[in-house]
Structures are given as C-alpha cells and as structure tokens.
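[1] fold the following and give me the result.
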Amino acid sequence: MVKTTSNPKSLGPPLVRLEGLSIDFGPLQVLRGIDLELRRGQTLAVIGESGCGKTVLLKTIIGLLQPTRGAVHFDGLNLADLNEKELTRQRARFGFLFQQAALFDSMTVAQNVAFPLRQHTSRSTADINDIVLARLAEVGLPEDVIGKKPAELSGGMRKRVGLARALAIEPEIMLYDEPTTGLDPIMSDVINELMIHTRRQHPVTSVIVTHDMRTARKVADRVVMLFPSARLAPDEPQILYDGPPEAIDAAPDGRVSQFVRGEARERLMEMRQENGR
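    Next comes the predicted model:
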C-alpha cells in the first residue's frame, strides 16, 4: 500500500482517527480493520467500487453507525463513549452533503438551508435570513430560489442547496457522499469548483466519497481506495492505496490501476467464475 506524505497544512493531532474499524451487517462484513487518520485541513477522497463500504465509512465517522469492532475518535473523543446529547453536540461540527441532497420536500429552499441553524443555534430570524442568502449566493444560486420547493429544482440546484445547508453552521469537517452522481459533466465540475471554493473560504477538513476520478484528482490532496472485503485474502488490508492523487496511476497494485482506468475485463472474468461460467 502506498503511503501518503504529510500535508504541511495539516499539523498537530488528527481530527479523525479510525482504529481497527470493522462494520458487519449480520454475516456481511463491509469494513474490516480500517486504520486511518485525517488531519485538519486535509481533503480526502475515498474511492472504490460499489459495495466496498465508502458510504458506511462516512456514516460511521459522523456516528450514525456504530462500529462492530474498533473505534472512531473525533477531535480526541471516542464517539462510543458519548451519550446522545454529547454526540448530537459533536455532530453539529459536521456538514454532510448527502448523495441525493436529502432536502425536505415540504420545505422551501430557504427553510431547508435555515433548518440546521434553527436546530443547533439560537440566532435571531434576521441573522438566519442573512446567513441563508449568503450561503445560497456562495453556491451560485440566485435569491429568487428561496421560495421554491425541491421538486421545482434541477438535480444540480438541489445539490447546491444541500451544500448551502451543510455550510450554514460553518462546520469544521465536511462529508460529501457522491457529490457529482447523476449530474452532467459541466454541473459535476461546478460542484468540484464549489468544493474547492469551500476549502479556500472556510477552515474546513473534507472527506469526499466518490466514483468520479476527475473529482478525486481535482479536489483532493489525498486519496484512499477501499476494496470489497469479501474479495480480499484473509490477511489483506482493505485499503489498497493511500496517497496523493498524482501518484495513483503508478500504484503497484493492479486493482488500483484497473479502477482508476475503468478497466472491467478482469472483474468480468471474476464475476463469471463466481457464477460458475
């Protein structure tokens, strides 16, 4: 496994530390023995084929899923040691852009963006309205969208509203779950540029789960590739690559280069063998 070099902007103790993290759903093991540290200021892209546990990893980092084995430490705290009130307080330090934006259909754009501010802060209505307009402007949406419902928006606009909502509480760490899925190439690059802009404008640490190698190369300063645990040898680590995006093409593990280049021949042969054909 290729190891990343240290990021000069990411000094001090890790903000997130995963220690022997394993997640089982019944007999299915999704994550196996993950050891990973994320330092302040880093932008980490987590790549890998469907079913390798990328989204499960995100949900575990924020405490939505509990480890079967191992531990998740956030800013020195073991999430398993926190009660629900303390866990909710820590989650308020996260922004989460869900894969389908996960907007509330019955709320307007303004109400969606204001929701975390009303839930987690005691700001005045005037302050909240100002923040809503500022965050929408930051993601390139005009003021006239504030009264619209999510069903009236395009996919790209919904993603940008989701990003505005995530940024409203000025999170310390942003989690992005497939931020460009379902978008055309131009809108995908708009989202990439907004993620870069977010990092420049806010002191934020980011984790981006993505299949999109353009996103990983353009936005991240570090890439981790996971592999489905069911297809690993018993002693193999689930992380096949951990390093800078510019070095991933030279990764010695052939499974990494196959994923990066989108080459399916060997995987197709595996699938035929699994099906006895």
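[2] assign a three-state SS to residue 117, would you?
    helix (DSSP: H, G, I helix; E, B strand; the rest coil).
[3] who's in contact with it?
    Contacts here follow CB atoms under 8 Å, 6 or more residues apart in numbering; on that basis residue 117 touches 123, 128, 131, 132, 168, 169. Every residue, glycine included, has its C-beta placed from N, CA and C.
[4] if we go to 7 Å?
    Residue 117 sits next to 123, 128, 131, 168, 169 when contact means CB atoms under 7 Å, 6 or more residues apart in numbering.
[5] ok, residue 34 next?
    Residue 34 neighbours (CB under 7 Å, 6+ apart): 18, 21, 238, 239.
[6] just the ones of those in strands?
    Residues of those located in strands (DSSP state E): 18, 21, 239.
[7] which strands and helices lie in contact with the helix or strand harbouring residue 56?
    For residue 56, the enclosing helix or strand under DSSP states H and E is helix 54-61. The criterion is 3 or more CB pairs under 7 Å, 6 or more residues apart in numbering; DSSP states H and E, and the helices and strands that helix 54-61 contacts are strand 16-25, strand 28-38, strand 173-177, strand 205-209.
[8] out of those, which gets nearest to residue 46?
    strand 205-209 (4.9 Å; CB to CB).
[9] show me how far the closest one is from its chain's centre.
    4 Å (CA atoms, centre = their mean, to the nearest Å).
[10] and the next helix or strand past it?
    Past strand 205-209, the next helix or strand by DSSP H and E is helix 213-219.
[11] one step back: in CSV, list the ones in strands among the contacts of residue 34 along with distance to residue 256.
    Putting those into CSV (distance: CB to CB, whole Å) gives the following:
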residue, distance to residue 256
18, 20
21, 21
239, 11
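[12] give the ChimeraX command for selecting the buried subset of the residues you listed.
    Selecting only the buried entries of these in ChimeraX, with 16 or more other CB atoms under 10 Å as the criterion:
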select :18,21,239
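[13] just name the closest of the ones in strands among the contacts of residue 34 to residue 205, please.
    Among the ones in strands among the contacts of residue 34, and counting by CB to CB, the member closest to residue 205 is residue 18, at 14.2 Å.
[14] pLDDT below threshold where in the protein?
    Regions of the chain meeting the criterion pLDDT under 70 cover residues 1-12, 264-277.
[15] tell me where it has strands.
    16-25, 28-38, 43-47, 69-74, 77-78, 94-97, 173-177, 205-209, 222-226, 239-243.
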